[in-house]
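K.L.:
Pasting a predicted model and its sequence here:
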Amino acid sequence: MIVAALVVLLILAAVFLSTPAEPSYRGRPLTYWLAGYDVGFAPRTDAEVPSLSEAEVAIRAIGTNAIPNLLRRLQHHHEGFSYWQFSRKRTFPFFRFARASAISSEFEAIAGFRTLGADAGPAVPLLLEVYNRTSDLRTRSYVLVALANIGPSAEPATPLLLHTLVSTNFLWRECAAHALGEIHANAPVVVPALIPGLRDPEDKVRAASVEALAEFGTAAKSAMPELLALLRDPKRSAVPAFKMLPGVVADIPTIAEMATNALRDIDSDAPAHVRIKDDPGLLFIPP
């Protein structure tokens, strides 16, 4: 029995020492601060929950030390339940149950990457490894969103995103287009690759392509003929750009409205020569 007890203790010690410590800010672990992103998604019963602004300050202060934890959360699909968490300083209590999140751990991860922004650049190679290593739909989608949230610092991901634009999975195409717009690099190559998305059969992909092209501004002038063709096709442009979550009320722009704004971003003179002939009631553009 003594030998068995020693073996169990050795196993527990090995697990404890091999488990990455969670970074902290002002004595609170990263998991506590990530709870700040729950605001607005589900009612909280905790007496003490950080605000969104407090969470963002904490994540920026923790900086790149948060990346390993965010990467782990991005790959584990657990929602609404507790899990083991270890003390960063190996101080008592050495481990505890982390609080249950009101939203998915993946959402908290991508929100954390958005807060870090350019500072999360070192995570890009690791995110690409995760994407290439898994075929899981959710994980790949969240990786693409994380790359978009990092922004221009995720430029090394451009080749992967360009390849994903022609994926048979429409969700990946949408996420890749969005990411390329947020990164907005290498316009001579990326802009022509985004243009076919304006003819995509999926509404969300068309909307993401329009938004991405707008991010390139004047560098996307070669896309103007296709944007104009999109505006003149009510079947492709008169639909909402996206769907809101149940219970959320907001003014949702149509793809036509997004395309009009994109034309203005690309060419300030565009509103003067855009005309909707097929359906005058679709969109009015002042001279």
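P.N.:
That came through, no problem. The structure presented is a predicted model; accordingly, all values stated were derived computationally and were not measured.
K.L.:
Quick one: mean pLDDT over stretch 119-126.
P.N.:
Along stretch 119-126, the predicted local confidence has a mean pLDDT of 97.
K.L.:
Ignore what I typed, I meant stretch 61-70.
P.N.:
Across stretch 61-70, the average pLDDT comes to 95.
K.L.:
Spatially, what comes nearest to residue 162 if we skip its sequence neighbours?
P.N.:
In space, residue 162 comes closest to residue 193 once its chain neighbours are excluded; the distance is 5.3 Å by Cβ to Cβ, 6 or more residues apart in numbering. C-beta: built from backbone N, CA, C; applies to glycine.
K.L.:
same deal with residue 75?
P.N.:
Once flanking residues are discounted, residue 75 sits nearest to residue 139: 5.6 Å by Cβ to Cβ, 6+ apart.
K.L.:
Does the one you found touch residue 74 like I think?
P.N.:
Yes. Between residue 139 and residue 74 there is a contact at 6.9 Å, judged by Cβ atoms under 8 Å.
K.L.:
Show me the common contact partners of the two, please.
P.N.:
Overlap of the contact sets of residue 139 and residue 74 (by Cβ atoms under 8 Å, 6 or more residues apart in numbering) consists of 106, 130.
K.L.:
and these two? which has more neighbours close in?
P.N.:
When residue 139 and residue 74 are compared on other Cβ atoms under 10 Å, the one with more neighbours turns out to be residue 74, at 26 against 18.
K.L.:
Ramachandran coordinates for that one?
P.N.:
When read as degrees, to the nearest 10, the backbone of residue 74 gives phi -70, psi -20.
K.L.:
Could you pull up the residues touching it?
P.N.:
The contact partners of residue 74, by Cβ under 8 Å, 6+ apart, come to 105, 106, 109, 110, 127, 130, 139, 142, 143, 146.
K.L.:
Next step: these restricted to helices.
P.N.:
105, 106, 109, 110, 127, 130, 139, 142, 143, 146 (DSSP state H).
K.L.:
name the element residue 163 belongs to?
P.N.:
Element membership for residue 163, per DSSP states H and E: helix 158-164.
K.L.:
Quick check: which helices or strands does that helix pack against?
P.N.:
Under the contact criterion of 3 or more Cβ pairs under 8 Å, 6 or more residues apart in numbering; DSSP states H and E, helix 158-164 touches helix 124-133, helix 137-150, helix 170-183, helix 187-194.
K.L.:
helix/strand/coil for residue 185?
P.N.:
Reduced to three states with DSSP: H, G, I helix; E, B strand; the rest coil, the structure at residue 185 is coil.
K.L.:
neighbours around it, how many?
P.N.:
The number of residues near residue 185, taken as other Cβ under 10 Å, comes to 17.
K.L.:
was I right about it contacting residue 156?
P.N.:
No. The criterion here is Cβ under 8 Å, and residue 185 misses it with residue 156 at 9.7 Å.
K.L.:
With respect to pLDDT, which of the contacts of residue 74 ranks lowest?
P.N.:
Ranked by pLDDT, the contacts of residue 74 bottom out at residue 105 (82).
K.L.:
Give me the distance between the spatially closest residue to that one that is not a sequence neighbour and residue 130.
P.N.:
Sequence neighbours aside, residue 73 is the residue nearest to residue 105 in space, at 4.1 Å (criterion: Cβ to Cβ, 6+ apart). Separation of residue 73 from residue 130 (Cβ to Cβ, to the nearest Å): 12 Å.
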